[in-house]
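Chemist: Return a 3D structure for these sequence lines:
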Amino acid sequence: MRPETAARGPNAAPSSAPIVRKPTHFSKEETEALTLIYEKLIGAGKSGSASHHPSVSTAPLLHVKTKEGLERSVFRDLLHNTFNICAEDILMERIFCVFDNSSDGLVKLEEWLQK
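Modeler: Take a look at the predicted model:
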């Protein structure tokens with residue numbers, strides 16, 4: 001039995017919050033908010049529809065790999081369009097590499113929550 005199941009009991013409904021294997025410096029509420037943003041980014045890419053949340057840019061979402069994570073080009077467009085970061089390619093690449101701990105070219109949810 002998994003530890004999180006044992007803590008809730010065998011008949012408890014599974015939590016909708018993600019299970020983060022490594023500790024983060026974010027609170028539970030912050031983790032849930034970051035997860036929601038990540039899921040909106042991924043979900044908008046799946047459906048092709050745009051989110052109307054003012055803090056989340058949706059322009060680059062058509063190129064999101066729906067099952068795996070955010071691609072490098074999508075992440076860079078997100079930084080540029082959402083946070084108005086206009087920097088040299090080398091700096092944008094370094095920011096992506098900080099998030100992409102597994103060096104697989106995708107930012108997965110667990111990597112997203114660790115930063």
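Chemist: Phi, psi for Glu71 please.
Modeler: Backbone geometry at Glu71, expressed as degrees, to the nearest 10, gives phi -70, psi 160.
Chemist: got it, and Val98?
Modeler: According to degrees, to the nearest 10, Val98 has phi -60, psi -40.
Chemist: Please give the number of neighbouring residues around it.
Modeler: Val98 is flanked by 12 other residues according to other CB atoms under 10 Å. Every C-beta, even on glycine, is put in place using the N, C-alpha and C of the backbone.
Chemist: How much space separates it from Val107?
Modeler: Distance, Val98 to Val107, by CB to CB, to the nearest Å: 10 Å.
Chemist: Kindly report the same for Asp89.
Modeler: 18 Å.
Chemist: More neighbours: which of the two?
Modeler: More crowded of Asp89 and Val107, by other CB under 10 Å: Val107, with 25 against 8.
Chemist: On the pLDDT front, check that one for me.
Modeler: Turning to Val107, the model gives it a pLDDT of 91.
Chemist: now do Cys86
Modeler: 81.
Chemist: Isn't Leu78 up against Leu70?
Modeler: Yes - the criterion here is CB atoms under 8 Å, and Leu78 meets it with Leu70 at 7.2 Å.
Chemist: pLDDT below threshold where in the protein?
Modeler: For the chain, the stretches with pLDDT under 70 are 1-22, 43-68.
Chemist: so where do the strands sit in this protein?
Modeler: 70-71, 106-107 (DSSP state E).
Chemist: do you know which of these lies nearest Ser27?
Modeler: strand 106-107 (21.1 Å; CB to CB).
Chemist: What pairs with that closest one, parallel or antiparallel?
Modeler: Take DSSP bridges as the rule and strand 106-107 pairs in its sheet with strand 70-71 (antiparallel).
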